[in-house]
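In: fold the stuff below for me.
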Amino acid sequence: MPKIIALITLIAIIAFSSPALADSISTNLNNGAAVFEANCAGCHINGSNIVRRGKNLKSKALRKHKVDTQEAIASLVTNGKGIMSAYGDKLTPEQIADVSAYVLQQAEQGWK
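Out: Residues are numbered from 1 along each chain as shown. Model (predicted):
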């Protein structure tokens, strides 16, 4: 939790000091939401998992499965794991980064 607070604080500081960067972060999250809707929501609607309940995208499950950083989520999206398909050949690195940031943000906010 302290890492999340530190990250939010850093983003707020950057956002207030650089409106262009704040717009970029917002755009990236909007892009991430669009990528999620087009590629992930079929199985992970609202952060759940229609195939395996315990492998959802909620904060508790992400921590439990050690996929609670943007980098770890991006690796999972890129390479897949188990029955989850890999998207490294379907999405650009930018799309993967954006959707990973979006998933992490939504998990931290309880998928509201």
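In: enumerate the positions of stretch 95-107 that are buried.
Out: 95-107 (16 or more other CB atoms under 10 Å). (Each C-beta comes from the backbone N, C-alpha and C, glycine too.)
In: what ranges do the strands span in the protein?
Out: Taking DSSP state E, the chain contains no strands at all.
In: tell me which helix or strand of it sits lowest on mean pLDDT?
Out: helix 2-17 (a mean of 61; mean pLDDT, DSSP states H and E).
In: avg pLDDT for stretch 104-112?
Out: Throughout stretch 104-112, pLDDT has a mean value of 94.
In: what about Lys29, distance to Ile96?
Out: For residue 29 the amino acid is Leu, not Lys. 14 Å (CB to CB, to the nearest Å).
In: would you agree Leu29 is in contact with Val103?
Out: No - Leu29 lies out of contact with Val103 (CB atoms under 8 Å); the separation is 10.3 Å.
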